[in-house]
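A.B. asks: 3D model of this:
(chains A and B)
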Amino acid sequence: MTHSLGYSRSNTFGLQAFIFFRVTFARYSTNLCMTLETIEFELWTLFEQSQQGDKQAYKQLLQRMATLIRAYLRRRLTRQEADVEDLVQEVLLAVHTKRHTYDVSQPITAWMHAITRYKLIDFWRRAGRLSEHGLGDEGATALVGESSIEVFEARKDLEQVMSQLSQAQQQVITLVKLQGESVAYAAQHLGMTQSAVKVHTHRGLRKLASLLGVKL
Amino acid sequence: MNTNDLISALANNDETLGVDVPPGMLWVLLAGTVSSMLLCLVFWGVLAGLLSVMQTPAFMGKLGVGVLTAALGLLLWPRMLRPGSQANKAMLLVCVPAVAVWVWALAGTDTPIASQAFGGMWTTCSMSIAALAGPAWMWLMWHAKRCAPTALRQAGALSGAIAGGIGAAVYSLYCPVFDAGYIAVWYVLGIALCVLFGAVVGPRALRW
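C.D. replies: Model (predicted):
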């Protein structure tokens, strides 16, 4: 089972991770606020602050990472909701105990992604799914690689319909529904009231549903 | 445990949730080499008249195969221990000393390699190198477990190459044979066995 996007087995790991995270979390539309660069910058800043002993920054860092990791794992463990949270905790623990392996000259999102991906593959291996299908290391890479294409295509579709929503609707849906943030966080981040966030989310979802021909 | 509780515990640096502090690479190298040497001293011994042959090019060449393999492997080692990093084609770097000794054996001597290879203690040479690599390999595993390698098979193979190099270097202090053909066959085979072992065992031994 060979599968190649050109970057899957090569040295361009940073790029690979960049694309994964970009596909997973960032830029559902060009005018949205959370790009990968801002996530990277936010995490990196928090990491630097926590390295200087700022516990609050460290806590914030782990919380932001937990949200990103959870979203990433949910997409890949769709039928194992119960395992997602355990795995999130496992990854956070690894981030904590292995933080000396982060090289500050590299993107922190790439580092986090590598740990998450490692733990996910390890989970699959433990669960015996890989041995069942007779897949080894290459198979695992291909599995992750393949799902990234699905995500990529899904993203493209989503981008297309999302572009027909108002900007406010796009923003709240991206934050609340796609990135899994709380309504309070989105309200604060976008400078709206919480009820405005809820209204925009509701209207946006209704419009999306009608655009996609789904009955609510 | 709730994820938020975990985050709080981690942020407050709860003593029970320690951080893996890796030792310096040079300490690992030193500890590995010393423990392999001790094993050699106890069970193999040292070549009689070692001091008198030490300066000869044949001895330097023999020692160099192991030392260079280990050194080139160690160049790639830190990279291998970071999440997401792989060595891929750079792994071929550790083959350079083996290729060099083959060139030396083929071009530098008149006698055919086969007649050089089946002399001395050729039946045990490779196995001895692999055995002497053991202690050094344990130290490398100990080091790697405190870091976060994600390409476990590659990391395992590389650890085998480094340990094999150390094993070969240590064994050359005992081995009384200096023929290039002998070294090209049995030393290289000994290191190759270590690489193979590392690649097979790596994915299990290095899990974290």
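A.B. asks: can you tell me the helix or strand for the closest residue to chain A within chain B?
C.D. replies: At 3.0 Å from chain A, B:G84 is the closest residue in chain B, using Cβ to the nearest Cβ. Where you see a C-beta, it was placed from the backbone N, CA and C, and this is true even at glycine. Under DSSP states H and E, no helix or strand contains B:G84.
A.B. asks: neighbouring contacts of the helix or strand of chain B with the lowest mean pLDDT?
C.D. replies: Within chain B, confidence by mean pLDDT, DSSP states H and E is lowest for helix B:113-117 among all helices and strands, at a mean of 77. With Cβ atoms under 8 Å, 6 or more residues apart in numbering or on different chains as the test, helix B:113-117 has contacts from B:105-106, B:109, B:179-182, B:184-186.
A.B. asks: ditto for stretch A:54-64
C.D. replies: A:39, A:42-43, A:46-47, A:49-50, A:92, A:95-96, B:4, B:7-8, B:10-13.
A.B. asks: which residues touch A:Y102?
C.D. replies: A:47, A:108, A:111, B:82 are the contacts of A:Y102 under Cβ under 8 Å, 6+ apart.
A.B. asks: please redo it, this time with the cut-off set to 7 Å
C.D. replies: Residues in contact with A:Y102 (Cβ atoms under 7 Å, 6 or more residues apart in numbering or on different chains) are A:108, A:111.
A.B. asks: Need phi/psi at it.
C.D. replies: phi -80, psi 130 (degrees, to the nearest 10).
A.B. asks: picking that back up, just the buried ones from the contacts of helix B:113-117, in PyMOL syntax?
C.D. replies: Entered in PyMOL, the line below selects the buried ones among the contacts of helix B:113-117, by 16 or more other Cβ atoms under 10 Å in any protein chain shown:
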select buried, chain B and resi 105+179+180+181+182+184+185+186
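A.B. asks: which one in the contacts of helix B:113-117 is the model shakiest on?
C.D. replies: Note: of these, the lowest pLDDT belongs to B:T109, at 74.
A.B. asks: How about that residue: what's its closest non-neighbour residue?
C.D. replies: Spatial nearest neighbour of B:T109, excluding adjacent residues (Cβ to Cβ, 6 or more residues apart in numbering or on different chains): B:A180 at 5.5 Å.
A.B. asks: State the pLDDT value of residue 156.
C.D. replies: Since you didn't name a chain, this refers to chain A. The model's pLDDT for A:K156 equals 64.
A.B. asks: Correction: the question concerned chain B.
C.D. replies: 95.
A.B. asks: what residues are up against it?
C.D. replies: So B:G156 contacts B:198-199, B:201-203, B:205-206 (Cβ under 7 Å, 6+ apart).
A.B. asks: repeat for B:L76
C.D. replies: By Cβ under 7 Å, 6+ apart, the contact list for B:L76 reads B:87, B:90-91, B:93, B:158.
A.B. asks: Same check on A:G53?
C.D. replies: Contacts of A:G53 (Cβ under 7 Å, 6+ apart): none.
A.B. asks: now it: how far from A:L92?
C.D. replies: Separation of A:G53 from A:L92 (Cβ to Cβ, to the nearest Å): 19 Å.
A.B. asks: picking up where we left off before, list the buried ones in the least confident helix or strand of chain B?
C.D. replies: Under 16+ other Cβ under 10 Å, the buried positions of helix B:113-117 are B:113, B:116-117.
A.B. asks: Show the subsequent helix or strand relative to it.
C.D. replies: Using DSSP H and E, the first helix or strand after helix B:113-117 is helix B:122-145.
A.B. asks: now the following helix or strand past that next one against helix B:122-145, angle please.
C.D. replies: Stepping forward along the backbone from helix B:122-145, the first helix or strand reached (DSSP H and E) is helix B:152-171. In terms of direction (axes from the mean of the first three to the mean of the last three Cα atoms, to 10 degrees), helix B:152-171 departs from helix B:122-145 by 130 degrees.
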